[in-house]
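>>> Here's a sequence, model it:
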Amino acid sequence: MARALYIHWPFCLKKCPYCDFNSHVRAEVEVAQWQEALLADLRHEAEMAGGQPLDSVFFGGGTPSLMPPALVAALLAEAERLWGFAPGIEITLEANPSSVEAAKFAALASAGVNRVSLGLQALDDAALRFLGRLHDVREGLAALEVAQRHFGRVNADLIYARPGQTAADWERELRQVLALGTGHLSLYQLTIEQGTRFATDVREGAFTPLDDDPAADLFALTRDIAAEAGLAAYEISNHAQPGEESRHNLAYWRYADYIGVGPGAHGRRNGFATQRHNKPENWLGAVARNGHGLAEERALHPPEQAAEALLMGLRLREGVDLSALARRFGLPPSVLIDPRKLALHCELGFVWQDGERIGVSERGMPLLDALLGELVAGSLVAA
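As a prediction, this is how the structure comes out:
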């Protein structure tokens with residue numbers, strides 16, 4: 001039964017050069033039309049998913065802090081009517097730290113948002129310009145202060161392993177943001193994604209990404225400094241004080257059902273994978289024709305679900321319980337993980353095993369993608 005809801009707002013003031021998310025720049029957005037369409041998409045999913053009250057709602061994008069607070073309030077009111085809210089529900093909204101958007105924080109809190117994920121991305125003005133951000137450090141820090149005043153929980157996003165970035169540079173930024181007192185940090189290495197402007201820049205020689213070895217050193221430094229400050233890495237890129245972990249993202253990583261509405265949104269519900277139309281205009285047209293924005297809805301066979309659950313769950317420090325997964329998907333535990341590879345990587349110290357629970361060790365986390373390819377049984381991945 002679905003317990004998490006994701007609502008995608010696809011619009012940005014500017015497309016960042018590193019971003020491969022479903023985001024679009026439009027001169028005008030007809031808010032009334034979008035409200036009607038998003039509400040219709042919600043109602044369709046409620047008919048299909050039903051189930052338990054929601055534990056979390058996440059407004060992602062794009063730039064959801066560009067949404068009028070009244071629209072956020074209307075969507076939350078309808079979600080609560082359709083599913084109900086569990087006690088202590090987490091309602092997160094991604095925000096950019098421009099002064100215009102920060103000015104909405106009080107109204108967004110009144111609308112029901114109780115957690116904000118703020119895209120600081122860097123605490124260095126030259127780096128912010130390189131990343132194509134519209135704010136500077138001063139504006140970012142001011143927005144963080146406003147966010148901490150209005151929301152009980154705040155996450156800050158930062159991007160490191162930028163071209164030419166030294167360990168001393170990154171340590172200074174990281175210690176500065178840790179000193180600001182947020183309970184959660186999402187700290188991502190810069191990756192060059194296909195189809196982005198950065199991919200074109202690299203191909204044309206405009207800049208050279210940081211080499212793998214110094215990037216790995218920064219990864220280790222990040223985990224050490226954050227842990228020292230009391231923000232343990234509970235997922236490969238996410239660090240939190242105890243109790244501050246993102247409950248919404250944990251639903252993904254623990255492979256709980258989640259509903260996705262809005263352009264490009266993915267979902268997993270009742271054994272089905274759902275995906276909405278990506279382009280805003282195509283999504284709107286689909287909602288007008290069909291009452292929902294679905295582009296694809298397909299049944300997931302148990303081996304495929306088990307593979308997804310493993311690929312997501314092994315990102316977490318807590319790892320996965322193989323017996324529980326086997327029972328959930330009706331599969332023998334022996335087919336979930338290649339036992340020879342598991343034994344090898346446990347011996348090498350890249351993976352740990354405690355009874356039926358396995359996970360990737362601190363030593364193995366820098367090699368996570370390669371380890372996932374080795375561990376998850378080929379029969380599952382091919383399913």
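>>> Could you use CA atoms for every contact and neighbour count after this?
Will do.
>>> Can you tell me the centre-most residue of the chain?
N249 (6.2 Å; CA atoms, centre = their mean).
>>> That residue - that's part of a helix, no?
Yes - counting by DSSP: H, G, I helix; E, B strand; the rest coil, N249 is located in a helix.
>>> Provide a list of residues in contact with it.
By CA atoms under 8 Å, 6 or more residues apart in numbering, N249 lies in contact with nothing.
>>> measure it to W34 for me?
Going from N249 to W34 by CA to CA, to the nearest Å gives 25 Å.
>>> Make sure V360 is actually in contact with G319.
Yes - assessed by CA atoms under 8 Å, V360 is found in contact with G319 at 6.9 Å.
>>> who has more neighbours, the two?
Higher neighbour count among V360 and G319: V360, with 28 against 24, using other CA atoms under 10 Å.
>>> and that one, what are its bridge partners?
V351 (DSSP bridges).
>>> Do you know the pLDDT at it?
Per-residue confidence (pLDDT) for V360: 97.
>>> what's near enough to touch it?
L314, R315, L316, R317, G319, F350, V351, W352, L368.
>>> from those residues, which is closest to V335?
L314 (16.2 Å; CA to CA).
>>> How much space separates the residue nearest to A106 when sequence neighbours are not counted from A240?
Excluding the flanking residues, the one nearest A106 by CA to CA, 6 or more residues apart in numbering is H150, at 6.0 Å. Separation of H150 from A240 (CA to CA): 19 Å.
>>> So which of the two has more stuff around it?
A240 (23 against 19).
>>> In this structure the more buried one contacts L231, no?
Yes - using CA under 8 Å, A240 makes contact with L231 at a distance of 4.3 Å.
>>> what touches both of the two?
Shared contacts of A240 and L231, counting by CA under 8 Å, 6+ apart, come down to G183, H184, L185.
>>> Show the average pLDDT along stretch 326-335.
Rounded mean pLDDT across stretch 326-335 is 90.
>>> buried residues in that stretch?
A326, P333, V335 (16 or more other CA atoms under 10 Å).
>>> centre of the chain versus that stretch, how much separation?
28 Å (CA atoms, centre = their mean, to the nearest Å).
>>> partner residues bridging L118?
Judged by DSSP bridges, the bridge partners of L118 are A95, A156.
>>> now it: how far from S361?
Taking CA to CA, one finds L118 at 29 Å from S361.
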